[in-house]
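Participant: Compute the structure for the input listed below.
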Amino acid sequence: MKLAIRAYFVTLILLLLVFAVPAQNLSDKDSRNTTSVVGGGGQVAGPTGLFTVLDGKTLRKGEFTLSAAVSNYDRDPGNADFTTIPLSFQVGVSNKLELFFSTEAYRGVKVNSPGNLSGFYLPNSQLLINGVLTSPAAIVLAPQGSGTSAFNGLAVYRPQGAPYNAFPYTGGNAGTFGFNAPFFSGPAFGFAAGTNATLGPPRSGSSGAAFFPGVGSAFGSILPGMVLQTTALNCQSGIACGTKPTSFTVAPSYLPDAPFINRTFG
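Facilitator: So this is what the prediction gives:
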């Protein structure tokens, strides 16, 4: 019985080889339709079919292909939905030489979880929090004035509701940082008495990274750290007088495909 089973499998393999050999057509008259494919946010390349197999075969002289596709794929963090339309054109100059051109005619990005991307924590962006558009809380490099600062080079908590500032941010109002009237945030960061701290200007660091006081991360980059959850703080009298972060990141979070995006669609 075992011998019969073995003979059966050997016969089956031989039949597969017999049918596979005639399929190999290496002549210049190969009728295969070579064109481009797109998949999973990948590159445009290869012939059509169930599998994408790259080989050295080019178009024959005078042949050409024109390809267009729609590719949709998701990326994290931010649960971003990318839709792209790549175009490509190939023409056979000779039986051994092919010229090609490809471009991305369209790219749309839809961010489904903006609270997980640092771009939405920049001074010119807002998030919908409890039904209200407002600047979310963040962890930023401490602003730095010309005087003595208690937080020079440190990461500090910027509470929710910081003032809106247009790019490039430098010189804009950095907010109160939780100081309540009659106190101002400026003196704690080396600014004059009776003033709030201001943003920027950018400066170079020893590691070669750029630092953006009041805007970006303490590790460098214009993107700040994120605050995902806060809790209320009470003064000695028991009255609520601010918040503190309970879940946050000091380093920025971003999409390599669209690192500075701070709109839900673009």
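
Participant: The nearest residue to Glu63 once chain neighbours are set aside bridge partners, please.
Facilitator: Distances taken as C-beta to C-beta, 6 or more residues apart in numbering put Gly92 closest to Glu63, at 4.5 Å, once the chain neighbours are dropped. Placement of C-beta: from N, CA and C, glycine included. With DSSP bridges applied, Gly92 shows beta-bridge pairing to Glu98.

Participant: How about the contacts made by Ala142?
Facilitator: Ser149, Phe151, Asn152, Gly153, Leu154, Ala155, Val156, Phe189, Pro213, Gly214, Ala218 (C-beta atoms under 8 Å, 6 or more residues apart in numbering).

Participant: And the pLDDT at the closest residue to it other than its chain neighbours?
Facilitator: Distance criterion C-beta to C-beta, 6+ apart; nearest residue to Ala142, sequence neighbours excluded, is Phe151 at 3.8 Å. Here the pLDDT value assigned to Phe151 is 94.

Participant: Likewise for Gln90?
Facilitator: The model's pLDDT for Gln90 equals 85.

Participant: Tell me, how many residues neighbour the residue nearest to Ala142?
Facilitator: For Phe151, the neighbour count with other C-beta atoms under 10 Å is 16.

Participant: With the one 3 residues further on instead?
Facilitator: The number of residues packed around Leu154, counting by other C-beta under 10 Å, is 10.

Participant: Skipping its backbone neighbours, what lies nearest it in space?
Facilitator: Ala142 (5.2 Å).

Participant: With Gly205 instead?
Facilitator: Nearest residue to Gly205 in three dimensions, chain neighbours excluded: Phe211, at 5.2 Å (C-beta to C-beta, 6+ apart).

Participant: from memory the one you found sits against Pro143, does it?
Facilitator: No. Between Phe211 and Pro143 there is no contact, the gap being 11.3 Å when judged by C-beta atoms under 8 Å.

Participant: more neighbours, the two?
Facilitator: Neighbours around Phe211 and Pro143, counted as other C-beta under 10 Å, are more numerous at Pro143. The numbers are 28 against 21.

Participant: Quick one: residues contacting that one.
Facilitator: Applying C-beta under 8 Å, 6+ apart to Pro143 gives the contacts Ala174, Ser185, Phe189, Phe191, Ala197, Thr198, Leu199, Pro213, Gly214.

Participant: What's the local residue count around the first one?
Facilitator: Looking back up the chat, that one is Ala174. Neighbours of Ala174 (other C-beta under 10 Å): 27.

Participant: Check the last one too.
Facilitator: Counted with other C-beta under 10 Å, residues neighbouring Gly214 total 28.

Participant: go on, the third one?
Facilitator: Burial measure for Phe189: 25 neighbouring residues, criterion other C-beta under 10 Å.

Participant: Likewise for Leu99?
Facilitator: For Leu99, using other C-beta under 10 Å, the count is 12.

Participant: Please give me every residue in contact with it.
Facilitator: Counting by C-beta under 8 Å, 6+ apart, Leu99 touches Gln90, Val91, Val93.

Participant: The same query, at a cut-off of 6 Å, please.
Facilitator: Contact analysis of Leu99 by C-beta atoms under 6 Å, 6 or more residues apart in numbering lists Val91, Val93.

Participant: quick one: Ser71 and Thr83 touch, right?
Facilitator: No. If you go by C-beta atoms under 6 Å, Ser71 and Thr83 don't touch, sitting 7.3 Å apart.
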